[in-house]
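# requesting a structural model of the entry that follows:
(chains A and B)
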2 protein chains.
Amino acid sequence: MPLIDTDVHESFSGVRDLVPYLPEPYKSWIDGGGWRGFSQPFCYTTPGRGNRADVQNPDGSASVSDYGVMRAQLLDYHHHDYAVLTGYFYPTALKLQYGLASAMAAAYNDYVAEHWLAKDKRFLGSIQINARDPEAAAREIDRMASHPQIKQVMLAVVDDIAYGHPMYRPIFAAAERNNLSVAFHHTVFAQGPYGMGLHYMERHCLIPIALMPQVISLIVNGVFDSFPNLRFMILEGGFSWLPHVMWRLDREFRQGRVEVPWIKKLPSQHCRERLRLSTQPTEDITPDQWGKLIDLMGTDELLVFSTDYPHFDFDNPNVAIPRALSDDTREKIFWKNAAKFYELDIPASAVPSKAAE
Amino acid sequence: MPLIDTDVHESFSGVRDLVPYLPEPYKSWIDGGGWRGFSQPFCYTTPGRGNRADVQNPDGSASVSDYGVMRAQLLDYHHHDYAVLTGYFYPTALKLQYGLASAMAAAYNDYVAEHWLAKDKRFLGSIQINARDPEAAAREIDRMASHPQIKQVMLAVVDDIAYGHPMYRPIFAAAERNNLSVAFHHTVFAQGPYGMGLHYMERHCLIPIALMPQVISLIVNGVFDSFPNLRFMILEGGFSWLPHVMWRLDREFRQGRVEVPWIKKLPSQHCRERLRLSTQPTEDITPDQWGKLIDLMGTDELLVFSTDYPHFDFDNPNVAIPRALSDDTREKIFWKNAAKFYELDIPASAVPSKAAE
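Numbers count the residues shown, from 1 in each chain, chains lettered A, B, ... in the order given. A predicted model of the protein is given here:
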């Protein structure tokens, strides 16, 4: 069966890798060690320090992902047709110096194009932006959109931005005019209503709590209606909460639609038509529960497979999606839904499968 | 069929009603108009200004609930066996002057005992506390717990408290030693990770987003394990998200339990044994979806019926829970689950039903 992996994290060794791509004065700031990148002001104990234990550089040094290692462990090992690179460095998290943040976004995009996208045609790319300067972000989207492997704009989920606010409309407009989707992925700064979780387990359970309000914000504030051709992807944010969010939106819309006349469709219909969610981390549920959950979503066309390579909670495509689901549903999750969403050619590997029928 | 309504909001005309119950110097502060109660710094358009349109005082004045009106519209009209009063004034939301906040909590409890609980044996009560001073809150719980109609401690969900933090343990200890449950209900200050919703529809969809992290916080930080006899109630916070939260907690626990050795049971087992959720606002789902959702919860013993009277989004017991559910499940939702949770005598009205079998 073909495989499209919608959440794969490329990496770099640090912000100094971006120096060749930065203009002055930022080049000198970073080259001079003026800022060494994001760090957390607390100590979370993450299994494997965040990565799979076997993800190491060829020289055995600190486990950041390397193209050669990734190709061997992921793309070739699991026979990927496509892997969507979703980022490692999210400039929106940089709250100060918007000029620096926007320059870092552009530098990172150029870095990824040269060091990752150019190395393997199976890679698809995401445009990193500094969403805190929406007009600058729109220019960066326009600059990068012509790259043939670029498929989406990454909207980083941080602690203080709900993307439905009208100030972010230039970003959505740029994505739509370039026929790109928008994807949401948490950063280390994503949190719940009461801040960071007090332990890593809590913090990790709060990631979906940080993503659900993005869907609510987009729907309530009319982003789905204002950009009728735009598609939305929730990455690594869980998916079993979707029935609740759709049902709740529908009830609130029924009783309060006078307040939001710009919403032209039942929110659940908007979601089913244009929202997709990646599967990793899959939860500990039985095939029967998978089936009921998909049924409650109203369609099996909303989920797209992801591994979250190279992270410790990697979902192995051989076991993450139960074989007891129908072949049709599994094909949709593993590649058809993503192929449709990203408007990809049917993977070549699908052809023998078709011919064998 | 008997009916236990687990979320009914008593009311008062304003903080001046509490003056007779306040000690000095707070009595003079409030009597002198020094503070007129909570208000929102924004304009949400709520249907019916928040209440059912037919909820008015006998003189036609502003629609705050009145015992006589409530008895006629709710208790007698729907043949309630019990109605759990869950509050209108949540002193935890008062962030400053902890002495005033704790005094207001005690005054409000005395006000409710005299003006509501004493008037109708069908009322069950909640102890309001100022959770920001946990030791004072524990004393207030000990003071009120002997009232025969008091069944639980109310933990108000505000914008900045996740109750799993160890600083709140005195509250849970007081509830447990008095054989009271703890209930969570949002206040007007509850919010999502990115603040208040930009419209009322968004704000209302964020209420479950404010409640889910409370369950996560309690489980991860060991409250269920530290207080093995304590029972937990989520009021008006939605319920269709529970499968997601239980499954996510289970997965995170499986992969990260080394960090949280105090958790002695699978989180989903903890939830099924000791967490209950009220049904209002029910979502717009079919009987078949209700059935699948309950199946995904793993048991039909987690939901307890509520109307949220007198609010505009009142759930009518005649239509809110589909008749297509089994009689056994409906009996559990309408009264049996709540009777067990609150250790209530079987309602007298259940006897004829039994005799008729």
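# the longest strand seen in chain A pairs with which strands?
Longest strand of chain A, by residue count under DSSP state E: strand A:150-157. Strand A:150-157 pairs in its sheet with strand A:123-128 (parallel), strand A:181-186 (parallel), by DSSP bridges.
# dump that strand to CSV, restricted to CA.
Only the C-alpha atoms of strand A:150-157 are listed here, as CSV (Å, rounded to 0.1, in the frame of the first residue of the first chain):
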residue,chain,number,x,y,z
ILE,A,150,6.0,23.2,-1.2
LYS,A,151,2.5,22.2,-0.3
GLN,A,152,1.4,24.2,2.8
VAL,A,153,2.0,27.1,5.2
MET,A,154,2.8,26.2,8.7
LEU,A,155,0.9,28.0,11.5
ALA,A,156,2.8,27.4,14.7
VAL,A,157,0.7,27.0,17.7
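# what's the next secondary structure element after that strand?
helix A:169-177 (DSSP states H and E).
# could you list the buried residues of that following helix?
A:169-176 (16 or more other Cβ atoms under 10 Å in any protein chain shown). For glycine as for every other residue, the C-beta is placed from the backbone atoms N, C-alpha and C.
# repeat that for stretch A:13-31.
A:15, A:17-19, A:21-22, A:26-27, A:29-30.
# which of these lies closest to chain B?
When the buried residues of stretch A:13-31 are compared for distance to chain B (Cβ to the nearest Cβ), residue A:15 wins out at 26.4 Å.
# my guess is the closest one contacts residue A:35. True?
Yes: at 6.6 Å, residue A:15 counts as touching residue A:35 under the criterion of Cβ atoms under 8 Å.
# closest to residue B:238 out of the strands paired with strand A:150-157?
strand A:181-186 (21.5 Å; Cβ to Cβ).
# need the residues that contact the closest one.
A:7, A:86-87, A:90, A:126, A:151-157, A:163, A:171-172, A:175, A:207, A:210-211, A:214, A:230-237, A:341-342 (Cβ atoms under 8 Å, 6 or more residues apart in numbering or on different chains).
# 7 Å - rerun?
Identification of contacts with strand A:181-186 by Cβ atoms under 7 Å, 6 or more residues apart in numbering or on different chains yields A:86-87, A:126, A:151-157, A:172, A:175, A:207, A:210-211, A:214, A:230-237, A:341-342.
# for stretch A:130-147, same thing?
A:91-92, A:98, A:101-102, A:105-106, A:109, A:113, A:125, A:127, A:129, A:150, A:153, A:155-156, A:161, A:167-168, A:170-171, A:173-175, A:178, A:180.
# find the nearest non-adjacent residue to residue A:16, please.
In space, and not counting its chain neighbours, residue A:16 is closest to residue A:30: 6.3 Å by Cβ to Cβ, 6 or more residues apart in numbering or on different chains.
# residues in contact with that neighbour?
A:15-16, A:18-19, A:22.
# kindly report the same for residue A:109.
Applying Cβ under 7 Å, 6+ apart, the residues near residue A:109 are A:127-128, A:144.
# did I read that right, it in a helix?
Yes: counting by DSSP: H, G, I helix; E, B strand; the rest coil, residue A:109 falls inside a helix.
# roughly how far apart are it and residue B:76?
Distance of residue A:109 to residue B:76, computed by Cβ to Cβ, to the nearest Å: 67 Å.
# closest to residue A:70 among the buried residues of stretch A:13-31?
Using Cβ to Cβ, residue A:17 comes nearest to residue A:70 of the buried residues of stretch A:13-31, at 16.2 Å.
# mind saving the C-alpha coords of the longest helix along chain A as PDB?
In chain A, with assignment by DSSP state H, the single longest helix is helix A:200-220. Extracted C-alpha coordinates of helix A:200-220, given in PDB (Å, rounded to 0.1, in the frame of the first residue of the first chain):
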ATOM      1  CA  TYR A 200       5.600  16.200  30.800                       C
ATOM      2  CA  MET A 201       2.600  13.800  30.800                       C
ATOM      3  CA  GLU A 202       0.300  16.700  31.500                       C
ATOM      4  CA  ARG A 203       2.000  18.900  29.000                       C
ATOM      5  CA  HIS A 204       1.600  16.300  26.300                       C
ATOM      6  CA  CYS A 205      -2.100  15.800  27.100                       C
ATOM      7  CA  LEU A 206      -2.500  19.600  26.700                       C
ATOM      8  CA  ILE A 207      -1.400  19.600  23.100                       C
ATOM      9  CA  PRO A 208      -4.800  18.700  21.800                       C
ATOM     10  CA  ILE A 209      -6.200  21.300  24.200                       C
ATOM     11  CA  ALA A 210      -4.100  23.900  22.400                       C
ATOM     12  CA  LEU A 211      -5.300  22.700  18.900                       C
ATOM     13  CA  MET A 212      -9.100  22.400  19.500                       C
ATOM     14  CA  PRO A 213      -9.500  26.100  20.100                       C
ATOM     15  CA  GLN A 214      -7.700  26.800  16.800                       C
ATOM     16  CA  VAL A 215     -10.500  24.900  14.900                       C
ATOM     17  CA  ILE A 216     -13.100  26.700  17.000                       C
ATOM     18  CA  SER A 217     -11.500  30.100  16.400                       C
ATOM     19  CA  LEU A 218     -11.300  29.600  12.600                       C
ATOM     20  CA  ILE A 219     -14.900  28.500  12.300                       C
ATOM     21  CA  VAL A 220     -16.500  31.000  14.600                       C
END
